[in-house]
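Asker: A predicted structure for the sequence below; I have some questions about it.
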Amino acid sequence: MVLQTMWTFASWAGMLSFAAFVEAGPVADKRQAAKSCCVALEAAGLGERILYPGSASYQGRVDSFFSIDTRLTPYCFVQPETSSEVSQAVKALVADESCTFAVRSGGHTLWEGANNIEDGVTIDLGRMTTTRYHPEKGTATVSPGSRWVDVYAKLGEDGVAVKGGRTGTVGVGGLVIGGGMSFFSARKGFVCDTVEEFEVVLADGEIVIASRDSNAGLFKALKGGSSNFGIVTRYEMEAFEVGDMFGGLVLWNRTHTEEMIHAMVGFAENIEQDPYSTAFLMWWHDPVMFHETTILSGMHNTRGHVSSSLDRLLSVPQVANTTRLAPITSFNPELEIAPIRRRTLLRLTGRRIDNNDDEDGEDSEGDEDNDNAEDDDDNNDERGRRGKSSCCTSTKI
Ligand SMILES: Cc1cc2nc3c(=O)[nH]c(=O)nc-3n(C[C@H](O)[C@H](O)[C@H](O)COP(=O)(O)OP(=O)(O)OC[C@H]3O[C@@H](n4cnc5c(N)ncnc54)[C@H](O)[C@@H]3O)c2cc1C
């Protein structure tokens, strides 16, 4: 029954997102349909939870999406406060096939259509923000609309934490069901690995529990399967003791590229001996701050130690360094990214180092100036033909 409902939800939600991109008819018809969906929500008793254009609250919610591309203008937002209200909203919307809708928690997805909809209804979970620690069970209840910085602050009152996002304003809802990388990843795996139980509203409005013992298929699907399996209204997560962490942001001149790559490889290879540390390296070009590309690392140790592999990264002379011992909430703000940029280019480049291949160095120089994804693919093909070893993945958003 649940699987059947999941399938219905998946295919139905897929059709809805398709509908968000393909104009089904004149805009006026779409708006008329959206209007009747909002009226249906009012009739379902959710009138006080609805925001229409023209109010400061409505505009505030549009502006609160992280990416400018996702700041669409739905005919109305509905902001449920409980699982029952989410269920009521879903029932009202699925009763009319012309209702198209989106689901939003923290609103941090970057691309249009993922979490908001033009001229449809957006179910905005931003008012569901409970965080509660259960010492007797060693778990915490976290609601989808919470931001990680608030979750850490609340649980920190009891000296505990859950695995969650590093940037404080990211939402609980999308991060957990998408997998989730955290300060605790090396020791505890993905964020979704620490979920004990989900409460989910299915496509027919039924509220179910997904856990190891109940709806196990749905439980598995939600651990990284992301949206479209239902609307998660509660996350029951493993809670554990945490103290001050060591960490911060560190910046190097890019002339240290070779040393930093070797130090990072050493860090990754040593991770089983150093499971309390995490680090990332980025070659970062921000013309406003620096004229040249710099190397940026966020590094953290959740036990408050400067481990030997972090020490190796830190042994290379730096341009700037904010590392310190502090509570987890102190590290969230410095990992924020200004939400004003419309287009982001993300590139992941991997390369096998072949000692006999001294032409590789020249290719590497060429890559650095190349900011075009298609060119990268061409370079890959070319290297493949010459039997060399490298690969690039580029995403333009
Ligand atoms: C600045 C920044 C920093 C980031 N840092 C990290 C990080 O440290 N670790 C990490 O793992 N990721 C990180 N991310 C990626 C982030 O986890 C994803 O973008 C995630 O989807 C955001 O969740 P959200 O609730 O804020 O987003 P939303 O855009 O609201 O939701 C994401 C998707 O999930 C769906 N969804 C949301 N809530 C629910 C729900 N309750 N039930 C069903 N479907 C739902 C939405 O419809 C949407 O498709 C970062 C992203 C940004 C922009």
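Answerer: Perfect, thanks for sending it.
Asker: So N301 versus G243, what's the distance?
Answerer: 11 Å (Cβ to Cβ, to the nearest Å). Just so you know, the C-beta spots here come from the backbone N, C-alpha and C atoms, and that holds for glycine as well.
Asker: what about the two, which has more around it?
Answerer: Remark: of N301 and G243, N301 carries more neighbours, 21 against 13, as counted by other Cβ atoms under 10 Å.
Asker: what's across from that one in the sheet?
Answerer: Beta bridges link N301 to F246, S277, judged by DSSP bridges.
Asker: Quick check: it touching S277?
Answerer: Yes - applying Cβ atoms under 8 Å as the test, N301 and S277 come out as touching, 4.6 Å apart.
Asker: Are there residues contacting both of these two? Which ones?
Answerer: Taking Cβ atoms under 8 Å, 6 or more residues apart in numbering as the contact rule, the neighbours common to N301 and S277 are 307, 310.
Asker: And the strands in the stretch 251-397 of the chain, which stretches?
Answerer: 277-284, 294-301, 320-321, 324-326, 345-351, 390-396 (DSSP state E, counting those that start in this stretch).
Asker: wait, I meant the stretch 51-200 of the chain
Answerer: 76-78, 101-104, 121-124, 131-134, 139-142, 160-161, 195-201.
Asker: Let's have these in TSV, adding mean neighbour count.
Answerer: Shown next, in TSV, are the strands of the stretch 51-200 of the chain (neighbours: other Cβ atoms under 10 Å):
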stretch	mean neighbour count
strand 76-78	25
strand 101-104	25
strand 121-124	25
strand 131-134	15
strand 139-142	24
strand 160-161	23
strand 195-201	23
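Asker: For the residue nearest the centre of the chain, give me its contacts.
Answerer: The chain has L175 as the residue nearest its centroid, 4.1 Å off, counting by Cα atoms, centre = their mean. Shown in contact with L175 (Cβ under 8 Å, 6+ apart): 106, 108, 148, 164-165, 191.
Asker: Quick check: of the residues you listed, which lies closest to the ligand?
Answerer: G106 (2.4 Å; Cβ to the nearest ligand atom).
Asker: In the sheet, which residues pair with the closest residue to that closest one other than its chain neighbours? Tell me.
Answerer: Among residues not flanking G106 along the chain, G171 sits closest, at 1.6 Å (Cβ to Cβ, 6 or more residues apart in numbering). With DSSP bridges as the criterion, G171 is bridged to R147.
Asker: pretty sure G171 is touching R147, no?
Answerer: Yes - in terms of Cβ under 8 Å, G171 counts as a neighbour of R147; the distance is 6.3 Å.
Asker: who touches both of those two?
Answerer: G106.
Asker: Mean pLDDT lowest where, among the strands of the stretch 251-397 of the chain?
Answerer: Lowest mean pLDDT of the strands of the stretch 251-397 of the chain: strand 390-396, a mean of 43.
Asker: Quick check: residues of the stretch 1-150 of the chain near the ligand?
Answerer: 66, 103-109, 114-115, 125, 144 (Cβ under 6 Å from any ligand atom).
Asker: where are the low-confidence patches of this structure?
Answerer: By pLDDT under 70, the weakly predicted segments of the chain are 1-26, 338-397.
Asker: mind listing the helices in it by residue range?
Answerer: Here the chain has its helices, by DSSP state H, at 2-21, 27-41, 56-63, 83-94, 148-156, 172-177, 185-188, 216-222, 257-269, 308-314, 328-331, 360-368, 373-385.
Asker: Helix 83-94 and the second one, what's the angle between them?
Answerer: Right, helix 27-41. 140 degrees (axes from the mean of the first three to the mean of the last three Cα atoms, to 10 degrees).
Asker: Check the offset of helix 27-41 from the chain's centre.
Answerer: Centroid displacement of helix 27-41 relative to its chain, using Cα atoms, centre = their mean, to the nearest Å, is 30 Å.
Asker: what does that helix rub up against?
Answerer: 23-24, 47, 49-50, 52, 74-76, 78, 89, 92-93, 95-96, 98-101, 119-121.
Asker: hmm, which of the residues you listed are the buried ones?
Answerer: Buried residues within the contacts of helix 27-41, defined by neighbour count using 16 or more other Cβ atoms under 10 Å: 49-50, 74-76, 78, 89, 92-93, 98-101, 119-121.
Asker: on that earlier part again, which one, of the strands of the stretch 51-200 of the chain, ends up nearest to T329?
Answerer: strand 160-161 (9.8 Å; Cβ to Cβ).
Asker: What sits closest to the residue of the stretch 251-397 of the chain found nearest the ligand if chain neighbours are left out?
Answerer: At 4.3 Å from the ligand, I337 is the closest residue in the stretch 251-397 of the chain, using Cβ to the nearest ligand atom. Excluding the flanking residues, the one nearest I337 by Cβ to Cβ, 6+ apart is T167, at 7.3 Å.
Asker: if we can go back for a sec, greatest separation within the buried ones among the contacts of helix 27-41: which pair is it?
Answerer: Farthest pair in those (Cβ to Cβ) is R49 and S98. Separation: 21.2 Å.
Asker: who wins for proximity to T323 among the strands of the stretch 51-200 of the chain?
Answerer: Per Cβ to Cβ, nearest to T323 of the strands of the stretch 51-200 of the chain: strand 160-161, 19.7 Å.
Asker: same for the closest one, what does it pack against?
Answerer: Counting contacts by 3 or more Cβ pairs under 8 Å, 6 or more residues apart in numbering; DSSP states H and E, strand 160-161 packs against strand 240-241.
Asker: dump the residue contacts of R132.
Answerer: The contact partners of R132, by Cβ under 8 Å, 6+ apart, come to 140-141.
Asker: go on, R49?
Answerer: Counted by Cβ under 8 Å, 6+ apart, R49 has contacts 41, 78-81, 85, 127.
Asker: Which residues in stretch 34-50 does the neighbour count mark as buried?
Answerer: In stretch 34-50, counting by 16+ other Cβ under 10 Å, buried: 34, 37-38, 40-41, 44, 46, 49-50.
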